[in-house]
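Have a look at this fold, sequence not included:
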């Protein structure tokens, strides 16, 4: 098999030569996952709802902390800490308090 200089004798876009590519093409959202038993699907849906509920509670807590920040007596220290790289609101408020 003749190849030009700088080319490889296989195609990286071909799943036969790059197994990770075939895995990546098969990724589906968990909500669309086909499971062999209906009970497994029900449990998966419960877990996904719990995750979404937790995300909503976290967003509500962060929104409340954002509102509280404006009138907080430690606002200056909080903003100084948040100016440092890697400190977001929740971590900074916990650290300052």
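Arrived safely. All of these numbers come straight from a predicted model, not from anything done at the bench. Residues are numbered from 1 along each chain as shown.

Is residue 36 in a helix, a strand, or coil?
Secondary structure for residue 36, judged by DSSP: H, G, I helix; E, B strand; the rest coil, is coil.

Neighbours of it, how many?
Number of residues near residue 36 (other CB atoms under 10 Å) recorded here: 7. Any C-beta I mention is one placed from the backbone N, CA and C, and that applies to glycine too.

gap between it and residue 84?
50 Å (CB to CB, to the nearest Å).

right, and residue 90 touches residue 64 too?
No. Assessed by CB atoms under 8 Å, residue 90 is found out of contact with residue 64, at 10.8 Å.

out of these two, which sits in the more crowded spot?
residue 90 (13 against 10).

For the chain, which residue occupies the most central location?
residue 55 (11.2 Å; CA atoms, centre = their mean).

and that residue, what element?
Assigned by DSSP states H and E, residue 55 belongs to helix 38-70.

tell me what that helix is packed against?
helix 89-96 (3 or more CB pairs under 8 Å, 6 or more residues apart in numbering; DSSP states H and E).

Return the distance of the helix it packs on from the chain's centre.
21 Å (CA atoms, centre = their mean, to the nearest Å).

Please name every helix or strand in contact with that helix.
Packed next to helix 89-96, using 3+ CB pairs under 8 Å, 6+ apart, are helix 38-70, helix 75-83.
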